[in-house]
Every structure is written in C-alpha cells, then in structure tokens.
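> Kindly return the folded structure for what I paste below:
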Amino acid sequence: MNSAQRRQGVASALLSALIFGTMPLAASLFYGQGGTPESLVFYRNLLALPFLFVLMRREDCRPLSLRLLGRLAVLAFLNAVTPLLLFNSYRSIPTGMSTTLHFSYPVFVLLGAAIFCGERITPLKALCVGLCTLGVALFYSPGQSAALAGMAVAFSSGITYAGYVVYLDKSGLKELPPFQMVFWTCLFASGFSGAWGLWEGRLQAGFSLPVWGLLVAFAGMVSVVSLVLFQLGVKKIGPSQASVFSTFEPLASILWGVTLLGERFTLRTGAGVAAILAAVVLLAVKGGAEKAAPRPAVR
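Numbering: from 1, shown residues only. Predicted structure coming up:
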C-alpha cells in the first residue's frame, strides 16, 4: 500500500464516521419540527432506495432465491429495530451518550460469537468486556430513572446491531454484492418500520418542504454516501484499520451535541466514553476487527 492509497483510505473511513456522527443532530432537528423516530427510520430507508438501486445496477448482481430473500428479511428486521431504539434514546439522554452506548456493539459481537458459536474468550476480550461495563457504569447517576431508561434503550440498540453483525457473518449474506444487500435490506426495513409506525399511529407525511429536504439529505448521506466512503476505506486500508477510524462517530456525536445542542459533558461522562471506546479500539486492533467492524447504512 503506498502513502497516497493510505491517505485516501483514512480520509474515506474518517469522513464516513463523521457523517454517521451527524445522525443525532439531524434527528434533533427533525424532532424539533414535530417528527417522530418511527418516521425518521421509515423515510431514511425509503428515500435511500432510488440511490441504492442505481448503485446496485452497477454491480454484478445475480437473482436472489427465496431463501436469500428470507434471510435478507431477517437482516432487515434487525436493521429496522436498531435505529428505532437508537433514535428513541436521543429523546431522553444526551445524543453523544446514546451513540457511545450503541457503539459498545463489538463487545456483544464477541460475546455472541462465544455463546452461540463456541469461540474462545481471550484475556484481551475479557478486558474489553470489563472496560465496556465500566464505561456504562460511569454513565449512570443514582436517582435518574429517565436517564436509566434511555441508557437501556441505547444499550439495546447495540445488542440488536451486534445480532445484525453476527447474523450477517453466519448467514452467508455478506457474500452478496454490498449495494444489492443494502438495497434489499433497506427495502424490507422500510416495510417493517412503516408497518410499526402505522400500528403505533406515529408515521407522518405532512411535512414542509425544508423538512422533506432534511429527510432526503439524511437518507442520502447516511444510507448511501457513508456506505460508499466506508467501502472505499476498507478497500484501501482494510477492515481492521477502517473500524478503528469508525470510533470517531461517537466523538463527532458528542462534539455536535455539546456545541450545537447544548448538552452537558462531565468528567465522569468523558471517562465512560473513554472506557467504551478503548474497548472498541482494542478489539479492532487486536481482537479480530473483521467480525466487529461496523457495517454502514444500517444503524
């Protein structure tokens, strides 16, 4: 790998993470206009489909069997549940905390691989579990029941995303061309999230033109541009290093939350963030990042 390729790969992976880090900011703007998490998840998937269809047509795609479509539907269900949980958590705890708690998912990936696939827990992986647990403990202050509920929701989004990563690894779907996989996943996810939003009476449509513009930009940047950048980063520097640069996502979320949303950031919170991100970086560098590497366009 020459220096120019490495710079391109680092820049792509870093920019992908920074785009993902703007999700809480976009969600807060949308909620400020009366939007709901259910609507945000639905339109993020639905409005990305035309872009993804064009990109998919450029790949060497083969027809999908009913078995593969069924597996994609399972993947899409996790794709819909994860952001529903994450976006709901933004409403009760600081967005940077939500994103950091969600980012604990690599720890759940290794735990899932150990419990369901019989993989060994090494001392390094045990240390990462301990760091993650410490980080979560530092986030909580006794007596804050609303914050505890929000933390639980954000933490759950990390668990469901870990399920997505493990299922993707074991189902054979990762062998599909990336944009074909993401197109069908977003298509099914829009159906799941739309049905849930209708059931709950929280799916909206009567937005102003600027809000529709926000939704289109959100879908295009998060579900398309960030995916292209991450794929380029993986191609240039490999999944291990690309996943390390993905840790800038929660840092970006914290930055936007503090500077633009007026969220508090204490020394205790900073220690919790540092503990969780240390666990993620250790896993990425030493613990098999290929299995724990983030998969853009599904959070």
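> For Gly112, give me its contacts.
Ala162, Gly163, Val166 (C-beta atoms under 8 Å, 6 or more residues apart in numbering). Just so you know, the C-beta spots here come from the backbone N, C-alpha and C atoms, and that holds for glycine as well.
> Now the nearest residue to the second one once chain neighbours are set aside: which helix or strand?
To tie it back to what came earlier, the one meant is Gly163. Nearest residue to Gly163 in three dimensions, chain neighbours excluded: Leu78, at 5.5 Å (C-beta to C-beta, 6 or more residues apart in numbering). For Leu78, the host element (DSSP states H and E) is helix 66-89.
> Does anything pack onto that helix? Which helices or strands?
In this structure, helix 66-89 packs against helix 37-46, helix 95-102, helix 145-171, helix 178-200, with contacts taken as 3 or more C-beta pairs under 8 Å, 6 or more residues apart in numbering; DSSP states H and E.
> Out of these, which is the most enclosed?
helix 95-102 (a mean of 28; mean count of other C-beta atoms under 10 Å).
> if we can go back for a sec, adding distance to Leu25 and mean pLDDT, write the helices and strands packed on helix 66-89 out as CSV.
Compiled in CSV, the helices and strands packed on helix 66-89 are given as follows (distance: least, C-beta to C-beta, whole Å; pLDDT from 0 to 100):
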stretch, distance to Leu25, mean pLDDT
helix 37-46, 12, 95
helix 95-102, 8, 83
helix 145-171, 16, 82
helix 178-200, 21, 93
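> Output those as TSV; include the columns distance to Val228.
As requested, these are exported to TSV (distance: least, C-beta to C-beta, whole Å):
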stretch	distance to Val228
helix 37-46	16
helix 95-102	21
helix 145-171	19
helix 178-200	9
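> Nearest to Ser208, out of these?
helix 37-46 (13.6 Å; C-beta to C-beta).
> Can you tell me what sits against whichever helix or strand comes after the closest one?
Per DSSP H and E, the first helix or strand lying C-terminal to helix 37-46 is helix 49-57. By C-beta under 8 Å, 6+ apart, the residues outside helix 49-57 that reach it are 177, 179-180, 182-183, 186-187, 190, 219-220, 223-224, 228.
> tell me which residues in helix 49-57 are buried?
The neighbour-count check on helix 49-57 (16 or more other C-beta atoms under 10 Å) flags Leu49, Phe51, Leu52, Leu55, Met56 as buried.
> And the residues you listed, which is closest to Glu200?
Nearest to Glu200 out of the buried residues of helix 49-57 is Leu49 (C-beta to C-beta; 22.6 Å).
> how far away is that closest one from Val216?
12 Å (C-beta to C-beta, to the nearest Å).
> what about this protein, any weak spots by pLDDT?
For the chain, applying pLDDT under 70 flags the ranges 1-2, 113, 116-119, 140-146, 239-241, 243-244, 284-299.
> residues near the residue nearest to Pro178 when sequence neighbours are not counted, how many?
With C-beta to C-beta, 6+ apart as the measure, Gln231 is the residue that lies nearest to Pro178, at 6.0 Å, once sequence neighbours are left out. Neighbours of Gln231 under the rule other C-beta atoms under 10 Å: 18.
> Figure out the helix or strand that Gln231 lives in.
helix 226-245.
> Helix or strand next in line after that helix, which one?
Next along from helix 226-245, by DSSP H and E: helix 248-260.
> and that following helix, what does it pack onto?
On a contact count with 3+ C-beta pairs under 8 Å, 6+ apart, helix 248-260 meets helix 3-20, helix 23-32, helix 95-102, helix 267-286.
> and Ser65, backbone torsions?
Ser65 adopts backbone torsions of phi -80, psi 170, taken as degrees, to the nearest 10.
> Just give the number of residues close to it.
9.
> Distance of it relative to Phe77?
19 Å.
> ok, now Ala242?
26 Å.
> swap in Ile237?
Ile237 is 32 Å from Phe77, by C-beta to C-beta.
> what's the answer for Leu111, then?
21 Å.
> what's stretch 126-139 in contact with?
Stretch 126-139 has contacts (C-beta under 8 Å, 6+ apart) with 97, 100-101, 104, 106-107, 110-111, 121, 151, 155, 268-269, 271-276, 278-280, 282-283, 287.
> Pro250: which of the contacts of helix 49-57 is nearest?
Closest approach to Pro250 among the contacts of helix 49-57 (C-beta to C-beta): Ser223, at 19.1 Å.
> Would you agree that closest one is in contact with Val182?
Yes: using C-beta atoms under 8 Å, Ser223 is in contact with Val182, at 7.5 Å.
> Of all the helices and strands packed on helix 248-260, which one is nearest Pro210?
Among those, the nearest to Pro210 by C-beta to C-beta is helix 23-32 (9.8 Å).
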